[in-house]
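[1] I need the structure of the sequence given here:
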Amino acid sequence: MSFVIPEQLLQAAEKVRMQVGSIQQAQIDFLSDLIRFKTLTGEEGPAVERTLVEMQALRFNNVRTDGIGDALAEVGDGPHRLLYDAHLDENEI
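    Numbering: from 1, shown residues only. So this is what the prediction gives:
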């Protein structure tokens with residue numbers, strides 16, 4: 001039994017690959033910034049702020065924080081959207 005991937009899905013995947021390639025350095029810069037922040041519980045504010053800036057730069061929708069300080073945004077604008085929840089704190093060992 002073989003599985004045939006619809007042409008529309010193949011085209012969408014190619015668009016994603018092209019977009020990722022065009023923002024590769026921005027991704028590296030963003031992740032480099034994140035690893036510099038101390039993000040213990042209660043101290044993650046700068047990492048959250050940096051993440052919100054990145055979400056806005058990527059034109060995510062409804063960029064905000066929730067009641068516990070996570071960075072939230074919506075991806076997509078159709079009837080189905082992805083909620084991105086960036087939970088950024090870490091625990092001390």
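[2] Tell me the gap between stretch 50-58 and the middle of its chain.
    8 Å (CA atoms, centre = their mean, to the nearest Å).
[3] And stretch 82-92, by the same measure?
    On the basis of CA atoms, centre = their mean, stretch 82-92 sits 10 Å off its chain's mean C-alpha point.
[4] Need the distance between the two termini of it.
    From its first residue to its last, stretch 82-92 covers 30 Å (CA to CA, to the nearest Å).
[5] quick one: buried residues of it?
    Using 16 or more other CB atoms under 10 Å as the test for burial, stretch 82-92 gives Tyr84, Ala86, Leu88, Asp89. Bear in mind the C-beta positions are built from the backbone N, C-alpha and C, glycine included.
[6] List the contacts of the second one.
    Under the criterion of CB atoms under 8 Å, 6 or more residues apart in numbering, the contact list for Ala86 reads Val48, Thr51, Met55, Asp70, Ala71, Leu72.
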